[in-house]
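Undergrad: sequence plus the predicted model coming up.
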Amino acid sequence: MKKTFAFLAVAALVASAAPALADLTVPDLSYRTGSYAANGIPYSDGFQDYFTLLNERDGGIGGEKIAVPQCETAYNTEKGVECYESTKGQAALAYNPLSTGITYQLIPKVSADHHVLYTPGYGRTSAANGKVFEWVFNYPANYWDGASVAIKYMLDQNGGDLNGKKIALVYHNSAYGKEPIRTLEELAKKHGFTLSLLPVDPPGQEQKSQWLQIRRDKPDYVLMYGWGVMNQVAIQEAVNIRFPMDHFVGIWWSGSENDVGPAGDGANGYKAITFHGVGSDYPIYADMKKYVIDAGKAAGAGDQMGSVLYSRGMYAAMIIAEAIREAQAMAGHAAVTPDEVRNGFENLNLTEARLGELGLPNFAQEIHATCADHGGSGAAMILQWDAAAKKWSPASDWIMPDKDVLDPLIAEDSAAYAKEAGITERCN
């Protein structure tokens, strides 16, 4: 039955009403204001534009239009929770808050309220264990996967031996930035490298002491888990001390055009991890231009197509849309419920053939979700910045993370959460 969803106003939030006559609602908990707006805007643009494309070109998903009510979080955990509370009554099918802090607060809420929380490449890593986290999905990769992929890449660059090497982690001093520390400590034990930890207080505009320490200690590699202006400052500081850019590797949240642009030619050679393709050469962009950009229906200025964060927001929307399609097929009707969409996420079978049909051939790894596996393969690749061409290019093939190290850590952390929350493991 057709429903008209009225967006509930919340004090201090910037929100827009959901379009009328839409049966599928996917809120956009975005941040277009505040210290992290430069990163939040292109991600939100890609997220919204993909659903607009489906509405304008295909008439929605399974004949049902998608509403994407936007709620401004300013990357603030309290506001993010308020946005969730203000939209959950609209039969919201999935949430993608793009914030680890907000994610941690929403995990118990979505579990109680029966709403999917989809956190690709961020959030609580151990949510990959579907036996404990029934309503949370973080495929195709998580923070620990990224740390392992970075170390495997460094191993490959050093003939398989990091014994005696020094690796510094420069990280956002928040739940996000702290996520990879335990994993890196275990990998340091396994491979014999020395790990140094250099926290940066958000937003990250002051990093002189951290980079003076790097200049003094002379690590072989610097790995960065940063976000927003922190990335720009770190890259410029690395340029200032003449740290070799090809030995500076960022996680996927430290690898956008916004991060390298301000340093100009000095950023040439900087590397970052990614779990999806970048660039505007994919066939989908012809339709995006025709039905969304040129039609004047873009969420933003329409100038971000193919950029890293636009592509990532589009990827998240694509996964949600494909999970909704799976839910419709399983339920036998189009106006699916949040419970049915959770089933769609848990049975998602995204193949390369399907990616090709979507206009995104070779854009990402396949996903074959199960009751127990909400995390995906964890595979990622390394990109390298070409300052002259102003583009990212692949510097590696797809790299699989070290599951022998990661799986026990995920089992340990998820078991601790289950005990604390009184959860009995499922999928038996």
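TA: Yep, it's here.

Undergrad: who are the contact partners of the nearest residue to Asn362 once chain neighbours are set aside?
TA: Leaving aside its sequence neighbours, Asn362 sits nearest to Gly277 (CB to CB, 6 or more residues apart in numbering; 6.7 Å). In short, each C-beta sits where N, CA and C put it, glycine included. For Gly277, the contact set (CB atoms under 8 Å, 6 or more residues apart in numbering) comprises Ser311, Leu360, Asn362, Phe363, Ala364.

Undergrad: what distance do you get for Gly302 to Leu29?
TA: Distance, Gly302 to Leu29, using CB to CB, to the nearest Å: 22 Å.

Undergrad: same check, this time on Asn39
TA: For Asn39, the distance to Leu29 - CB to CB - is 14 Å.

Undergrad: those two - which one has more neighbours?
TA: In terms of neighbours (other CB atoms under 10 Å), Leu29 is the more surrounded of Asn39 and Leu29; the figures are 26 against 23.

Undergrad: my read: the more buried one touches Cys71, true?
TA: Yes - counting by CB atoms under 8 Å, Leu29 does reach Cys71; the two are 5.5 Å apart.

Undergrad: need the overlap of contacts for those two.
TA: Cys83.

Undergrad: check what pLDDT Phe7 gets.
TA: What the model reports for Phe7 is a pLDDT of 32.

Undergrad: rewinding a little: which of the contacts of Gly277 tops the neighbour count?
TA: Ser311 (27 neighbours).

Undergrad: for the closest residue to it other than its chain neighbours, grab the count of nearby residues.
TA: Closest residue in space to Ser311, ignoring its immediate chain neighbours: Val278 at 5.3 Å, by CB to CB, 6+ apart. Residues within reach of Val278, counting by other CB under 10 Å, total 23.

Undergrad: ok, now how distant is Val278 from Gly313?
TA: Taken as CB to CB, the span from Val278 to Gly313 is 12 Å.

Undergrad: ditto for Leu358
TA: Going from Leu358 to Gly313 by CB to CB gives 15 Å.

Undergrad: send me the host helix or strand of Phe51 as PDB with only the CA atoms.
TA: In the assignment (DSSP states H and E), Phe51 maps to helix 37-58. The C-alpha trace of helix 37-58 is given here as PDB (Å, rounded to 0.1, in the frame of the first residue of the first chain):
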ATOM      1  CA  ALA A  37      31.900  18.100   5.400                       C
ATOM      2  CA  ALA A  38      34.500  18.000   2.600                       C
ATOM      3  CA  ASN A  39      34.400  14.200   2.900                       C
ATOM      4  CA  GLY A  40      30.800  13.700   3.800                       C
ATOM      5  CA  ILE A  41      29.400  15.700   0.900                       C
ATOM      6  CA  PRO A  42      30.800  13.600  -2.000                       C
ATOM      7  CA  TYR A  43      29.900  10.400  -0.200                       C
ATOM      8  CA  SER A  44      26.300  11.500   0.300                       C
ATOM      9  CA  ASP A  45      26.100  12.700  -3.300                       C
ATOM     10  CA  GLY A  46      27.000   9.300  -4.600                       C
ATOM     11  CA  PHE A  47      24.700   7.600  -2.100                       C
ATOM     12  CA  GLN A  48      21.700   9.700  -3.100                       C
ATOM     13  CA  ASP A  49      22.400   9.900  -6.800                       C
ATOM     14  CA  TYR A  50      22.400   6.100  -7.100                       C
ATOM     15  CA  PHE A  51      18.900   5.800  -5.700                       C
ATOM     16  CA  THR A  52      17.800   8.800  -7.900                       C
ATOM     17  CA  LEU A  53      19.100   6.900 -10.900                       C
ATOM     18  CA  LEU A  54      17.100   3.800 -10.000                       C
ATOM     19  CA  ASN A  55      14.000   6.000  -9.500                       C
ATOM     20  CA  GLU A  56      14.400   7.900 -12.700                       C
ATOM     21  CA  ARG A  57      15.600   5.200 -15.000                       C
ATOM     22  CA  ASP A  58      14.000   2.100 -13.600                       C
END
